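**Q** Structure for this input, please:
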Amino acid sequence: MTILTVGQSTDYDYYIAPGSINSEIVIQQAIDACFDGDTVDIAPGVYRLSGHIYPRSNTTIVGEVGTVLKLAPGLPNYLNGRDVTSTEWGNHGATATSGAAKGMFQIGEKVHVTIKDITIDGSCDDYYKYLLSHLGVGLFNLITAWDSDYLTFENIYFTQGANDAIALSSCDYVNMKNCTVNKCGHDGIQAYNGSNYVIQYNTFINRGNSSIHLNKIAGAEVFCNNCSTGAQGGALNAVELQGEQTSTWIHHNRIHDINAPGIGEIFVLNPPSFSTALKIYNNIIYSCPAGISIRTTGANIYNNIIDDCFFGIDCCSLATSIDKCIITNIGKTGTGINMGAATTVTNCCFFGNKLNTTKTIGITNSTMDPGYVDKSARNYILAPTNVLATELLGVTADITPGLIEITW
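**A** Model (predicted):
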C-alpha cells in the first residue's frame, strides 16, 4: 500500500498553491495515480473546488485535523442566475446523475471506496448570500454515489450543502460512521434502492429535511445516532422510511426537537410505504409531534422512551407488537398510543400527562374508548407529576448519549 500526500507546500507529493480555486485538479491527479489499496492523504488546509472529485475503486481518501474541501467563490448558482434549466451548481436543472447536482464527490460504478477525516463545506454562507436562508432549493449534494458497493464515510463534517450531505442510488454495503451533518438543505443521508446499510454514531442537526431517509433498502441498521433540529429548523423525520423496506433495525438513537415524527413512514404516497421485519427499540425520543409513526404490518416496537410528544406512538398498521415502552408528558389532545387492528400493547407505562379532564392518556383506536387499558397485558396509566421512569414499577433506565437500556 502506498500513501500519496497532497498539501499546500512542496514537501508533499502533490502540491496545491494556497488560494487556488481549482484544487480538485491536483487532488484528482493523486487519485488517478493510485493502485488498488493506496491512500491519498490530504494535509491540513482549505482547498477550494471549482469542479468535482472522482474517487477510484479500492482506494481511501483521508484528511487530517483542519483539512477542509470547500466550494470556490463565484460558481454560478440558481438563486443568482435564476436559470432553472442550467446544470450548474445548485440549479433546478441539475439532476442526481447529471450536472453539478452530482456533488463535490462523485462516485459512480465503483467498489471499496473510503472517505474519512475531512470537512466538506458547500460554502453557501460564504459566497451565496441568498442561498443560506433557502437551504434545500438547490440540487447539489456534497457526496453523490450510484451503482457502487462497499462505501465507507467516516468522521466527515458536512456543512452548507444545498441538498443532501450524502445521496446514494443503487448502492450496497454502505457504512456511515461518526459523521456530523450541520446545515444541509435536504437529508443528511438519502439512500434509494440498495442493501446492507449501517448508519451509526452520527450527529444530524440543522437540516431542511430528514436526518436519515431510506427508500427501498433491503437490510439497514440505524443505531447510536443523535438527531435534532437546531436553529436551522427541520421539516421531516429523524429516520424516514419510504417505499418497501426489509429487515430494518432502528435502535439506541437519541431523537429530539424536530418538526415531524421522530421515526416515521411516508404513508401519503401511492403506493404507500411498506416494511417487513421492522424493529424499533431502545430509542429515546422527545419533543416531536409524534415519537413513532408507522403504517407497516408486523413491526416490533419495544423498550423505547417517548416524552413530550403529541402522540407517543401513532400506529395505524396491522399486527404490530408494542412492548415495554415508557410514554410520558403527551400533549393536551394527544394520545399515548393510537393503534391499529390486531396490534398488541403490553408492559407499557403512561404517566405525567398534560391531557384535559375529559380524556385519559392511554391507548386508543377506532373501536376502543380513549381510556382503554388492558390490565392483563400489564399496561399502566399513571398521572403523577415530576416522576422519573426509574421510580415506577421497578423500571430502571440507563440513559447515556446514544445508549439506552430498560429493565423491567
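**Q** Which residue ranges of this structure form helices?
**A** Ranges of helices within the chain are 23-32, 78-81, 124-127, based on DSSP state H.
**Q** tell me the mean pLDDT for the first one?
**A** Throughout helix 23-32, pLDDT has a mean value of 97.
**Q** All further residue positions should be reported with the first residue as 44.
**A** Done: numbering now begins at 44, and the last item shifts to helix 66-75.
**Q** In terms of secondary structure, what does that helix contact?
**A** Helix 66-75 is packed against strand 46-50, strand 57-58, strand 82-85, strand 88-92, with contacts defined by 3 or more Cβ pairs under 8 Å, 6 or more residues apart in numbering; DSSP states H and E. Quick note: C-beta positions are derived from backbone N, CA and C, even for glycine.
**Q** most neighbours per residue, which of those strands?
**A** Most buried of the helices and strands packed on helix 66-75, by mean neighbour count (mean count of other Cβ atoms under 10 Å): strand 82-85, with a mean of 22.
**Q** mind listing what that strand pairs with, with the direction of each?
**A** Paired strands of strand 82-85, with direction, are strand 46-50 (parallel), strand 102-105 (parallel) (DSSP bridges).
**Q** For the stretch 194-343 of the chain, which residues score under the pLDDT cut-off?
**A** Residue ranges of the stretch 194-343 of the chain with pLDDT under 70: 205, 251, 273-278, 310-317.
**Q** can we see that at 90?
**A** Residues of the stretch 194-343 of the chain meeting the criterion pLDDT under 90: 202-207, 225-230, 248-253, 271-280, 285-288, 300-303, 307-320, 330-332, 337-342.
**Q** can you redo the strands paired with strand 82-85 as a markdown table with distance to residue 93 and mean pLDDT?
**A** Output for the strands paired with strand 82-85, formatted as a markdown table (distance: least, Cβ to Cβ, whole Å; pLDDT from 0 to 100):
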| stretch | distance to residue 93 | mean pLDDT |
| --- | --- | --- |
| strand 46-50 | 16 | 97 |
| strand 102-105 | 18 | 98 |
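**Q** Could I get these in CSV, plus columns for distance to residue 232?
**A** Shown next, in CSV, are these (distance: least, Cβ to Cβ, whole Å):
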stretch, distance to residue 232
strand 46-50, 26
strand 102-105, 18
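**Q** which one of the helices and strands packed on helix 66-75 lies closest to residue 372?
**A** Closest approach to residue 372 among the helices and strands packed on helix 66-75 (Cβ to Cβ): strand 88-92, 45.4 Å.
**Q** doesn't residue 207 make contact with residue 163?
**A** No. Using Cβ atoms under 8 Å, residue 163 is not in contact with residue 207; the gap is 11.8 Å.
**Q** Mind listing the shared neighbours of those two?
**A** Common neighbours of residue 163 and residue 207, counting by Cβ atoms under 8 Å, 6 or more residues apart in numbering, are residue 185.
**Q** Please parse the chain into its domains.
**A** The chain is divided into the following domains under automatic domain parsing: 44-204, 230-451.
**Q** related to what we said a few turns ago, can you tell which of the helices and strands packed on helix 66-75 is closest to residue 191?
**A** With Cβ to Cβ as the criterion, residue 191 lies closest to strand 82-85 of the helices and strands packed on helix 66-75, at 17.5 Å.
**Q** got the CA coordinates for the closest one in CSV?
**A** What follows is strand 82-85, C-alpha atoms only, in CSV (Å, rounded to 0.1, in the frame of the first residue of the first chain):
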residue,chain,number,x,y,z
THR,A,82,-4.4,6.1,0.1
VAL,A,83,-4.5,9.8,-0.8
ASP,A,84,-3.7,11.8,2.4
ILE,A,85,-4.7,15.5,2.1
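**Q** Please, where are all the strands along the stretch 94-243 of the chain?
**A** Secondary structure of the stretch 94-243 of the chain, counting by DSSP state E, counting those that start in this stretch: strands at 102-105, 110-114, 148-151, 154-159, 162-164, 186-189, 192-197, 200-202, 209-212, 215-220, 223-227, 232-243.
**Q** Can you tell me which of the ones you listed is most buried?
**A** Greatest average neighbour count among these goes to strand 209-212 (a mean of 26), per mean count of other Cβ under 10 Å.
**Q** Note down every partner strand of that one and its orientation.
**A** Strand pairing for strand 209-212, determined by DSSP bridges: strand 186-189 (parallel), strand 232-243 (parallel).
**Q** Would you mind listing the outside residues contacting the shortest one?
**A** For strand 186-189, the surrounding residues in contact (Cβ under 8 Å, 6+ apart) are 139-140, 144-153, 156, 158, 163, 194, 196, 207-214.
**Q** any chance of the helices and strands packed on helix 66-75 in CSV, plus distance to residue 272?
**A** Compiled in CSV, these are given as follows (distance: least, Cβ to Cβ, whole Å):
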stretch, distance to residue 272
strand 46-50, 36
strand 57-58, 40
strand 82-85, 32
strand 88-92, 28
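**Q** and of the ones you listed, who's closest to residue 319?
**A** Closest to residue 319 of these, according to Cβ to Cβ: strand 82-85, at 39.5 Å.
**Q** So which residues make contact with that closest one?
**A** 44-50, 70, 73-74, 77, 102-107, 110, 112, 161.
**Q** ok, and the closest non-adjacent residue to residue 321?
**A** residue 342 (4.3 Å; Cβ to Cβ, 6 or more residues apart in numbering).
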